[in-house]
Structure formats: C-alpha cells, structure tokens
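>>> This is the structure alone, sequence omitted:
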C-alpha cells in the first residue's frame, strides 16, 4: 500500500530564512511511502523529472524532512540529462548547494552530464580511520597531553596554513599522484595506499584545469584540517556487532582509534567555484535547462565537462594527500607523547573513503551492465563483499564504511552490503546529517557551554574557535544511530562496530 504525504516546495522568488536559495519552483511535492525505509517522489508529478526520487528514511527521519528544501532538490536532480535509475537521498540527507547533501545520482556516460553541485565545494571530503593497539583505559591518563599534541601538530581553523608553501612542481605532483606522492615524500607507509580508496589517486587528473587562484589557495594548506564539521577525533571502540568483520579491520572492544575528517581545503572550493561559473555560461550553448542554476552542468564529453573532471580529479588527489599528511602528523604526535614508534603502537590505516566525488563505474541499469558516472555528495561508496574494487584484504567482508556522528554521541564503522548495488549504485550515508543550520545552533547554544557539557562526559575538546563549538553541538545533528539503522534495514551497509569519542580536535 502506498502512503502519500505532501511537502511544501519553497519558492525562489520570495525566500524566507528557512527557504534557502536554489530550492526550485513553488508548488506541492507528493511523497509516496514504498516500505518502512523508502519513500518515492514520483516522476509523474513534474514534467521535467526524468526519473523518480527515492528517499531512504523511516517515519522519524521523514517527519523531520517535511518542508525541507532537500526534498525539492531530490526532485530537481531527477531532471538532469542522462540520469538513470532514480535521484537518491541517503537517510542523512539535508539541504545543500544544488544537490542535497546525502544525494546520489548516476548518469549515463553516453549522453549524461557532470554537475559540480553533485560533488560539492569540498571535493573529496572524506574520512580516514587509524587503528592502534592501545586501549582507552591505558590512554586515559595521557589523554589531555595527546589532545594538546594533536592540536599542535595539525593546523586547524578557517584558512589554516601548514607553514610550508609547495612549489608549482610539488603542487603538480600532489595533484597528479595524491596520497602516493605524500608517501613517497616520507609522509606515511606504503601499506596506507593499499587501504585507501583508489589507492589514494584518482586517474585523469589535469593540473592545467586548476586555476591559478585555486593553486594559490591550496599551496600552503597541505596537512591542514580546516573548520566547520571537519575534525580529528580519538575514539574508543565501544561495541562490536560483527566479530568477523571487526577482526578483518583490526578492531577490538576498548581499542583507541583515530578519525580524520577533511577534504581538499581552499583548492577544492575554488575548483568548484570556477567550474560552476563556466558551466552556467555554457548550458545555453549545450541546450540544457535546469530548474535551479546551482545544478549548472555540462555534457561529460564536452570541453567544459572534461575540464571539470580533470580539475575534480586533481582536487581529489590533493585531498587524499592532505589526509595522508595529517595521518603522518598524528602518528608523530602519538610517538612524542607515548615514547614509542607508531608501528609498535599498531597505528595502521584501516581505510580512507571519500564522500564528495564523482566516479566512473559500471552498474546494472534496466538489467543491463551500463557505464555511468556516479555523483556522490555527502554519500559514501559502499561496495559489497567480493567486489573487485574492494581491497583484497577486505574483499571477504566488504568495503569499510565510516559514519561519524557528533562530538557528544557515537559513530559507526560498517562495511558495504550487497543491497547497496541495486538500491543505491553502491552507496550509503556518510554521517548523521545536520538537523539545525549553523546559525540556528549558534542561536540556541554557547560554545563554552558545549565544551563544559562534553567535559562532564569525559570528552576532551580542543578548538581553534571555541565560541563556534555550538555549530557542531549534538542538537545540530540528527541521531546517527537512527540514520545507520535505516541504512542497514535498506541493505546499504552492515554495522561492524560502534565508537565513542574520547577527544575531539576542531577548527
């Protein structure tokens, strides 16, 4: 039985504080319930929609989404030329630029388009997880010193600089080779590359497509965390759900692990800014009409499309090199505080996965193997066991997936499940998803109160701007457990372990 809801579609002619720009045209939006965790926005209700919209949510998450412009954005994405299957929204979906954050869309390589808004401004924002042989009980007496050492070792905050400016040639090497270049420069271990998506290097990078302004912004930001929702976090493995997969990932209860969440910094932001403007000017020439200019796009095989893909790959490689460099700094901080070599501390990489990227992949479309370009914005690749693109060491259990929560609650380690392929082009959620805007959170809370509340829970916090901690408070985010539960019920992932925060480093 199909259950129907209606969501108000915010207009772009008259915008209120709760109606962001780029939300689409006004009018009611019909939503049909398909099952306990899937809802459909039928293509029949709008003449410009080429496919349905599918939203992964339970009753609680859908209730929070009613009236949210993100649902209109799901429908808008369904209008893109070449889109196949459906315009998808993961359970952590919320409003973004053009695409919703938590949006997934696959377009045919033959006749499809690439839209920078479907990747986002922080190209290859992603998460890296380091394991250790340490226990939370053993580390607790030195937790404050570890937090201080990590805060000092990894520059954070808006416009954070590394203290070293890359030469033009060094930057080209990073843009071409990604994490591999960092490892070859002594910033990591060769085994790190085996446990990084795509080996930490996306092919097709074209440094010439990266503007001088983008290069300037990135040249002294390698090895920096940034601000906003980016973080460096020491966690404890609180519970193991899947012992076999946990053993394959090197996880055990009580263990200390380290999350690194960041992306391509100012370089990636400028790449998106530059190429959105280029595509916006080119759409008329290509005969493309979109309901929202933030969906500016160009054919994959056009000069504009090829230029963006080359620049995006270059920015993605910068991000992988950035997380690799930060991981090296993290290992060094542990060594200085604990007086032991990082290898002896067992600080191997579990995995590094992107959640803002476009990838050329092959998927079943109408029962035929089809070459597609998958846009994932705030969505994580989640390939199942035995998929050839999963590292050999994890192939029996599936690709590792990380779903961070917020500073005060929990996060999850999972693996891709078989259902992710037919249901979501091998994709799943990437985090909890925002519940309040940054401005709304700042109105509700003071940073000093957030820090005090975390301290009462035994969570150590270091922040470049403590007053902005309110932006990242727990009330600003959905309940990550509810998000993960939906993803698991939908067959997109399988939970391996739950993590609890011990120390958080923020910009």
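Right, received. Where do you want to start? Since we're looking at a predicted model, the values are computed, not measured. Numbers count the residues shown, from 1 in each chain.
>>> With adjacent residues omitted, what lies nearest to residue 458?
residue 502 (7.6 Å; CB to CB, 6 or more residues apart in numbering). Where C-beta positions appear, they are placed from N, C-alpha and C, glycine not excepted.
>>> hang on, that neighbour packs against residue 238?
No: counting by CB atoms under 8 Å, residue 502 sits too far from residue 238 to count as a contact (10.4 Å).
>>> Which one's more surrounded, those two?
residue 502 (21 against 16; other CB atoms under 10 Å).
>>> Look at residue 472 and report its pLDDT.
We have a pLDDT of 87 for residue 472.
>>> quick one, phi psi at the closest residue to it other than its chain neighbours?
Leaving aside its chain neighbours, residue 472 sits nearest to residue 407 (5.8 Å; criterion: CB to CB, 6+ apart). Dihedral pair for residue 407: phi -60, psi -30, per degrees, to the nearest 10.
>>> ok, residue 407 - how many residues close by?
Neighbours of residue 407 under the rule other CB under 10 Å: 24.
>>> Just list the residues touching it, thanks.
231, 233, 450, 454, 459, 461, 469, 472-474, 501, 504, 506 (CB atoms under 8 Å, 6 or more residues apart in numbering).
>>> from those, which single one is nearest residue 243?
Among the contacts of residue 407, residue 501 lies closest to residue 243 (CB to CB), at 23.0 Å.
>>> re the thing from before, and the residue nearest to residue 458, that's in a strand?
Yes: counting by DSSP: H, G, I helix; E, B strand; the rest coil, residue 502 is located in a strand.
>>> could you measure it against residue 137, distance?
11 Å (CB to CB, to the nearest Å).
>>> Inside strands: which ones of the contacts of residue 407?
231, 233, 461, 501, 504, 506 (DSSP state E).
>>> neighbours around the third one, how many?
If I follow you right, that is residue 461. 23.
>>> likewise the fifth one?
Applying the criterion other CB under 10 Å, we find 25 residues in the vicinity of residue 504.
>>> what sits against the spatially most central residue of the chain?
Note on the chain: the residue nearest the mean C-alpha position is residue 355, at 3.0 Å, using CA atoms, centre = their mean. The contact partners of residue 355, taken as CB under 8 Å, 6+ apart, are 125, 126, 127, 376, 377, 378, 379, 380, 430, 431.
>>> same check, this time on residue 438
Per CB under 8 Å, 6+ apart, neighbours of residue 438: 228, 471, 476.
>>> Mind checking which of those are buried?
Neighbour-count burial (16 or more other CB atoms under 10 Å) is assigned, among these, to 228, 471, 476.
>>> need those in CSV with distance to residue 175, can you?
As requested, the buried ones among the contacts of residue 438 are exported to CSV (distance: CB to CB, whole Å):
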residue, distance to residue 175
228, 23
471, 31
476, 34
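>>> Leaving out the residues flanking it, which one is nearest to residue 492?
Per CB to CB, 6+ apart, closest to residue 492 is residue 428, 3.9 Å.
>>> Next, count neighbours for residue 85.
23.
>>> Tell me which helix or strand it sits in.
If you go by DSSP states H and E, residue 85 is part of strand 83-94.
>>> repeat for residue 422
helix 420-424.
>>> Now do that helix, average pLDDT.
99.
>>> Mind listing what's buried along that helix?
420, 421, 423, 424.
>>> Pick the one among the residues you listed closest to residue 55.
residue 424 (11.4 Å).
>>> Tell me how many other residues surround the nearest residue to residue 405 once chain neighbours are set aside.
Distance criterion CB to CB, 6+ apart; nearest residue to residue 405, sequence neighbours excluded, is residue 480 at 3.4 Å. Per other CB under 10 Å, the neighbour tally for residue 480 reads 24.
>>> How about residue 241?
15.
>>> any idea of the pLDDT on it?
In this prediction, residue 241 has a pLDDT value of 98.
>>> How about it, nearest residue that isn't a chain neighbour?
Closest to residue 241 by CB to CB, 6+ apart is residue 495, at 4.7 Å.
>>> helix, strand or coil for that neighbour?
strand.
>>> dump the residue contacts of it.
241, 242, 412, 413, 414, 484, 488.
>>> counting contacts, what elements does the helix or strand hosting the third one pack onto?
Okay, so that is residue 412. Here residue 412 sits within strand 411-416, counting by DSSP H and E. Secondary structure elements in contact with strand 411-416, counted by 3 or more CB pairs under 8 Å, 6 or more residues apart in numbering; DSSP states H and E, are helix 243-249, strand 400-403, helix 480-489, strand 493-506.
>>> neighbouring strands for it, and are they parallel or not?
strand 400-403 (antiparallel), strand 493-506 (antiparallel) (DSSP bridges).
>>> and it with helix 480-489, angle?
10 degrees (axes from the mean of the first three to the mean of the last three CA atoms, to 10 degrees).
>>> buried residues in the biggest helix by length in the chain?
Counting by DSSP state H, the longest helix found in the chain is helix 303-338. Using 16+ other CB under 10 Å as the test for burial, helix 303-338 gives 304-331, 333-335, 337-338.
>>> Also stretch 51-65?
Buried-residue list, stretch 51-65, by 16+ other CB under 10 Å: 51, 52, 53, 54, 55, 56, 57, 58, 61, 62, 64, 65.
>>> and residue 142, what is it in contact with?
Going by CB under 8 Å, 6+ apart, the list of residues near residue 142 reads 337, 338.
>>> what about it, distance to residue 339?
For residue 142, the distance to residue 339 - CB to CB - is 10 Å.
>>> could the strands paired with strand 411-416 go into JSON lines alongside mean pLDDT and distance to residue 277?
As requested, the strands paired with strand 411-416 are exported to JSON lines (pLDDT from 0 to 100; distance: least, CB to CB, whole Å):
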{"stretch": "strand 400-403", "mean pLDDT": "99", "distance to residue 277": "33"}
{"stretch": "strand 493-506", "mean pLDDT": "98", "distance to residue 277": "31"}
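>>> which of these is buried the deepest?
strand 400-403 (a mean of 27; mean count of other CB atoms under 10 Å).
>>> Which residues outside that one are in contact with it?
Contacts to strand 400-403, defined as CB under 8 Å, 6+ apart, come from residues 127, 129, 249, 259, 350-351, 353, 380, 382, 394, 411-416, 428-432, 480, 483-484, 487, 493, 496.
>>> pLDDT weak spots in the stretch 201-350 of the chain?
Of all residues in the stretch 201-350 of the chain, none has pLDDT under 70.
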